[in-house]
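model this:
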Amino acid sequence: MSGAGAVEATVVEILPAATYRVELANREQVTAHLTRPTEANFVRLRVRDHVLVKRSAADPARGRIVKVLEKP
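This next block holds a predicted model:
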């Protein structure tokens, strides 16, 4: 699940209600939230963290953060 249809993104803003604004490689910004398994592991994201985002089919401006990528 974590890799299928997911795209790399960078966290650019932390929003209320555990949501984040992330910027995709094509400079498009998407509002995303953490998936349940990610929340269960208590992941704390910061600005400039790299993540994998799976975009919503119904609303391309929204998505789910499915994985936090290692820092380079």
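
for the rest of this, base every contact and every neighbour count on C-alpha atoms.
Will do.

tell me which other helices or strands the top strand by length along the chain touches.
The longest strand of the chain (DSSP state E) is strand 6-15. The helices and strands touching strand 6-15, judged by 3 or more CA pairs under 8 Å, 6 or more residues apart in numbering; DSSP states H and E, are strand 19-24, strand 50-55.

name the strands paired with the very next helix or strand once past the last one and say parallel or antiparallel.
Of the helices and strands lying after strand 50-55 in sequence (DSSP states H and E), the nearest is strand 62-68. Based on DSSP bridges, the strands next to strand 62-68 in the sheet, each with its direction, are strand 29-34 (parallel), strand 50-55 (antiparallel).

from V12, how far out is R48?
6 Å (CA to CA, to the nearest Å).

these two: which is more packed in?
V12 (17 against 14; other CA atoms under 10 Å).

which residues touch that one?
Y20, R21, V22, E23, V47, R48 (CA atoms under 8 Å, 6 or more residues apart in numbering).

ok, the closest residue in space to A18 that isn't next to it in sequence - how many residues close by?
Of all residues not flanking A18 in the chain, H33 sits nearest, at 6.3 Å (CA to CA, 6 or more residues apart in numbering). By other CA under 10 Å, 20 other residues sit near H33.
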